[in-house]
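S.K.: Give me coordinates for this.
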Amino acid sequence: MKKSILTAIVLLCLTLLAIVGLQLYSLISGYRAEEEIFRRKINEGLKQSVEQSFEWKRAAVIKELTAYMNDESRVKITCRWSEKNKMTIFTIADIDTSVYGNHRTSFSKESISERIDSITPEAKQRFIRVFTGDVERELKKGSVWYYTINIGNFLHERYLKTPVPLSEAERIYRRYLAENYIYEPFELNPAQPEPNRISTQKINITLNRAAEPRYVQAFFKSPYSYIMRRQAVALTGSFLLVVISVLTLGYMLKILLSQQKLNEQKDQLVTNITHELKTPLATIQLTAEAMKAFDLGREERQSYLDIILRNTESLDMLTTEILTEARVGQLSPQIQPTPLRALIDETRKNSSGDLEIINEVDPSLTLPTDPKLLGKIFRNLTDNAARYHTGTGKQVIISAVQEKQNLKISVADNGPGIPDAYKEKVFERFFRVPTHDIHDQRGYGIGLSYVKQAMKLLGGKVELKDNLPHGSIFTLIFPK
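M.R.: Numbers count the residues shown, from 1 in each chain. Got it, this is the predicted structure:
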């Protein structure tokens, strides 16, 4: 068997090993990613479950408070019309005054603005609804107001001193996990946690912020079954890809052996017609001898060829970038309401692994714009931040501020920054800051040009300033 055939077989085998290796790497990476998702979900779920437990507790206390306020053996509610203040004044008085403290308080309610000269059953129920609503809002803030000493003691005893049952938090937590297809067994605050278990963060379940914290924590045995369910499609696809690759290798080996036979027939044919080709070969030889006149050695010629090949690849990439940048002026923006935070989160998912993108944009903030163009702008800015920051701790902070006339989105990095002399030029096509470290990085000087052109197309503009003590801030300004 010829050496070329053996080389081809070796390359095919190496290709197969590379495919298998990449699939294994992909599966391992996918497993780790899914494990991270699992950890994030169980932490988010426990936090939400505790918050819902607090809501459940508040609802129960407000229900008890409503019954308490309706109990005339405990509380007396009266009202009168104040001619001076032009409002109805309500008075709450404790029936039991044996405990030292304030047992009476009077106040008005803005939501009850009409004149009421004396308390009626309807007015009393309306007042209780408004009053308990105010109390519920105060409880959400972790505050208990002593409107009267008995009401204050009642709320303190029922809400702050009575802890949220772990059983209620566990019930809500199990429901959250089931909604996210997590069925792995877990324990809340086990007496003796088993080793090598996956645990959540500790969440303070104490309602009284001034009291000693009481934490709840969940411990899971393993996320294996959850991850296997999530990775089933990827596992199946990888297995099929490997099988197809093996079959393809066998088929290609068969073709190579057939090709060897054809090559032998071809060689014989070439031998037969060699004599007829001497004239054109002589012409080729003369051309080669003319090239020798430049007196280039083999290593020099090979060196030049290598340089050409490498630059051809770079030119191909450059052509793609130029075409993208050139087309931006010809696009018709598809304007639609775009949630900015979600768009930035998508950019973060597709960013470089060593770049931290902090999203400080309000989740409710929506901008009428073209999400594809704006997404490309974010990617260009974050890619630049990752590319030109040669150290560790790469970070980009994206925030937004609404002003009277504009919406400003700031993209702040902690990189080397841009000298003042080049702050305007960096938005020109093909311009790059002439710094040695930057030119060691891949780039063509058209990323920021694209940002400027895209912002112009969207009806906005981009500004650049220093991010003290180091770095740059690109501000995207969109008029309202």
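
S.K.: what about the helices in the stretch 101-250 of the chain?
M.R.: Using DSSP state H, counting those that start in this stretch, the helices of the stretch 101-250 of the chain run over residues 121-140, 149-155, 166-179, 224-230, 232-273.

S.K.: Just send these back as CSV, with mean neighbour count and mean pLDDT too.
M.R.: For the C-beta atoms, the positions are set from N, CA and C on the backbone; glycine is no exception. What follows is the helices of the stretch 101-250 of the chain, written out as CSV (neighbours: other C-beta atoms under 10 Å; pLDDT from 0 to 100):
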stretch, mean neighbour count, mean pLDDT
helix 121-140, 15, 92
helix 149-155, 20, 93
helix 166-179, 16, 88
helix 224-230, 15, 81
helix 232-273, 12, 71
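
S.K.: Considering only helices and strands, which part of the chain has the lowest mean pLDDT?
M.R.: The helix or strand of the chain with the poorest confidence is helix 278-291; it has a mean of 42 (mean pLDDT, DSSP states H and E).

S.K.: Please parse the chain into its domains.
M.R.: Segmentation of the chain into domains, based on automatic domain parsing, reads 1-78+120-230, 286-327, 331-479.

S.K.: quick one: terminal-to-terminal distance for the last one?
M.R.: One end of domain 331-479 to the other measures 20 Å (C-alpha to C-alpha, to the nearest Å).

S.K.: what's the offset of it from the middle of its chain?
M.R.: 16 Å (C-alpha atoms, centre = their mean, to the nearest Å).

S.K.: same check, this time on the first one
M.R.: In terms of C-alpha atoms, centre = their mean, the centre of domain 1-78+120-230 is found 20 Å from the chain centre.

S.K.: so Val462 sits right up against Phe478, yeah?
M.R.: No - counting by C-beta atoms under 8 Å, Val462 does not reach Phe478; the two are 10.4 Å apart.

S.K.: element containing the residue most central in space within the chain, please.
M.R.: Relative to the mean C-alpha position of the chain, the nearest C-alpha, by C-alpha atoms, centre = their mean, is the one of Asp345, at 3.6 Å. Using DSSP states H and E, Asp345 sits within helix 340-349.

S.K.: ok, back up a step: how about the residue nearest to the centre of the chain, nearest residue that isn't a chain neighbour?
M.R.: In space, and not counting its chain neighbours, Asp345 is closest to Asn359: 6.1 Å by C-beta to C-beta, 6 or more residues apart in numbering.

S.K.: Kindly report the same for Ser113.
M.R.: Excluding the flanking residues, the one nearest Ser113 by C-beta to C-beta, 6+ apart is Met87, at 7.0 Å.

S.K.: By residue count, what's the longest helix in this protein?
M.R.: Ranked by number of residues, the top helix in the chain under DSSP state H is helix 3-70.

S.K.: Could you pull out the buried residues of the helix or strand following that one?
M.R.: For helix 3-70, the following helix or strand on the C-terminal side (DSSP H and E) is strand 75-82. Residues of strand 75-82 classed as buried: 75, 77, 79 (neighbour count, 16 or more other C-beta atoms under 10 Å).

S.K.: so what's the last one up against?
M.R.: Listed by C-beta atoms under 8 Å, 6 or more residues apart in numbering, the contact partners of Cys79 are 88-91, 116-119, 123, 127.

S.K.: now the first one
M.R.: With C-beta under 8 Å, 6+ apart as the criterion, the residues that contact Val75 are 68-69, 92-95, 148, 150-151.

S.K.: one more time with 10 Å, if that's ok
M.R.: Applying C-beta atoms under 10 Å, 6 or more residues apart in numbering to Val75 gives the contacts 68-69, 92-96, 128, 147-148, 150-151, 154.

S.K.: Distance to Lys425 added to the residues you listed, as CSV?
M.R.: Formatted as CSV, the contacts of Val75 follow (distance: C-beta to C-beta, whole Å):
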residue, distance to Lys425
Tyr68, 72
Met69, 71
Ile92, 71
Ala93, 77
Asp94, 76
Ile95, 81
Asp96, 80
Ile128, 69
Tyr147, 67
Thr148, 71
Asn150, 74
Ile151, 69
Phe154, 71
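
S.K.: Now for the residues you listed: which two are most distant?
M.R.: Pairwise distances across the contacts of Val75 (C-beta to C-beta) peak at 18.9 Å, for the pair Asp96 and Ile128.

S.K.: residues in contact with the closest residue to Asn150 other than its chain neighbours?
M.R.: Of all residues not flanking Asn150 in the chain, Asp94 sits nearest, at 4.2 Å (C-beta to C-beta, 6+ apart). Taking C-beta under 10 Å, 6+ apart, we find Asp94 in contact with 74-76, 101-105, 147-151, 153.

S.K.: What about the nearest residue to Gly393 once chain neighbours are set aside, how many residues nearby?
M.R.: Nearest residue to Gly393 in three dimensions, chain neighbours excluded: Asn414, at 7.1 Å (C-beta to C-beta, 6+ apart). Burial of Asn414 is recorded as 19 neighbouring residues (other C-beta atoms under 10 Å).

S.K.: Surely Asn414 is in contact with Ala386?
M.R.: No - applying C-beta atoms under 10 Å, one finds Asn414 not in contact with Ala386, separated by 11.3 Å.

S.K.: Between the two, which contacts overlap?
M.R.: When contacts are counted by C-beta under 10 Å, 6+ apart, the set common to Asn414 and Ala386 consists of 356, 394-396.
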